[in-house]
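**Q** Pasted the sequence and its predicted model underneath.
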Number of protein chains: 2
Amino acid sequence: VEPPRDAPARKSDTLALLRAPAADVWVATADADAPHLVPLSLGWLDDRVVIAVDAASLTARNLAAHRTARLATGPTRDVVMLDAVLEATHPVEAAPPAIQDGYAAQADWDPRTAAGYVYLVLRPTRIQAWRGANEIPGRTLMRDGAWLV
Amino acid sequence: VEPPRDAPARKSDTLALLRAPAADVWVATADADAPHLVPLSLGWLDDRVVIAVDAASLTARNLAAHRTARLATGPTRDVVMLDAVLEATHPVEAAPPAIQDGYAAQADWDPRTAAGYVYLVLRPTRIQAWRGANEIPGRTLMRDGAWLV
């Protein structure tokens, strides 16, 4: 078993996972006690998670109604968990160029011409990262939207 | 891009992921529009997902209250997605031996002596599996609790 990482190492590793080319993110949303969960391509732009989905998808509708998501990236034994709130919704063709270009630069697809798609910009309120049970202490890297390290 | 797998191959690959030693499962639950998501060690026993959690955990409490979970295993580009309902809850020390032994045989830990833990037995109602966009057609392998293949 590896020794637990210190806080700066965890933050650095976490940012590397969030910025990784062609990374995916598990996105959990809910409506009326019913959970939803899908894997999506991850954009990490300016301390925000950006995802691109069909505006008619359950993920988009749940977020429009209730604003909150819980997200995970990394493999299950090197996880980054994020609680996040919906900050903005942009139809893909009318989104700010920084989002269009930034998302396409990280993801391995470009939703700009996908009919009916929207970018959802999610602001993390809490970020936690751990590899094994010995990293449960100290797992919280961001709280109330502020990095602790 | 690989050609899409046929239904028997997908079922066989899906069972291999569900039975894999030391496999993990993403477990999404909800309460009152708030999503929860955690990675847990997976047991696949007799066409049921078995997980072991602290009875006081949010996952256990959400499932006790609302009975439904959405689960994922496999990497994001070789996913198995399961919608499931809570079928039984067993305190670890009083669970049927088939569950105690079966879980310990697949997982890389044994919760039998973990104070306050319970096994949750989840019955899949729908199972879907896909690797890429070309496998979205035909992704449903189980519907209403019955294998289609």
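**A** Good, I have the coordinates.
**Q** so what's the spatially most central residue of chain A bridging to?
**A** Central residue of chain A (CA atoms, centre = their mean): residue A:49, 4.1 Å from the mean position. Taking DSSP bridges, one finds residue A:44, residue A:122 as the beta-bridge partners of residue A:49.
**Q** how many neighbours does residue A:93 have?
**A** 13 (other CB atoms under 10 Å in any protein chain shown). C-betas here are computed from N, CA, C, even on glycine.
**Q** what's the distance between it and residue A:1?
**A** In this view, residue A:93 and residue A:1 are 50 Å apart by CB to CB, to the nearest Å.
**Q** quick one on the thing from earlier: surely the residue nearest to the centre of chain A is in contact with residue A:119?
**A** No: between residue A:49 and residue A:119 there is no contact under CB atoms under 8 Å: 10.6 Å.
**Q** between those two, what contacts are shared?
**A** Shared contacts of residue A:49 and residue A:119 (CB atoms under 8 Å, 6 or more residues apart in numbering or on different chains): residue A:43.
**Q** partners of residue A:89 in the sheet?
**A** Bridge pairing for residue A:89 - DSSP bridges - gives residue A:120.
**Q** need the contact list for it.
**A** Residue A:89 makes contact with A:60, A:63-64, A:118-121, according to CB under 8 Å, 6+ apart.
**Q** need these in JSON lines with neighbour count and pLDDT, can you?
**A** JSON lines is the format used below for the contacts of residue A:89 (neighbours: other CB atoms under 10 Å in any protein chain shown; pLDDT from 0 to 100):
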{"residue": "A:60", "neighbour count": "21", "pLDDT": "98"}
{"residue": "A:63", "neighbour count": "27", "pLDDT": "98"}
{"residue": "A:64", "neighbour count": "14", "pLDDT": "98"}
{"residue": "A:118", "neighbour count": "25", "pLDDT": "98"}
{"residue": "A:119", "neighbour count": "24", "pLDDT": "98"}
{"residue": "A:120", "neighbour count": "26", "pLDDT": "98"}
{"residue": "A:121", "neighbour count": "21", "pLDDT": "98"}
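**Q** Can you tell me which of those residues is closest to chain B?
**A** Nearest to chain B among these: residue A:63, at 10.0 Å, using CB to the nearest CB.
**Q** thought the closest one was touching residue A:119?
**A** No: using CB under 8 Å as the test, residue A:63 is too far from residue A:119 to be in contact (11.7 Å).
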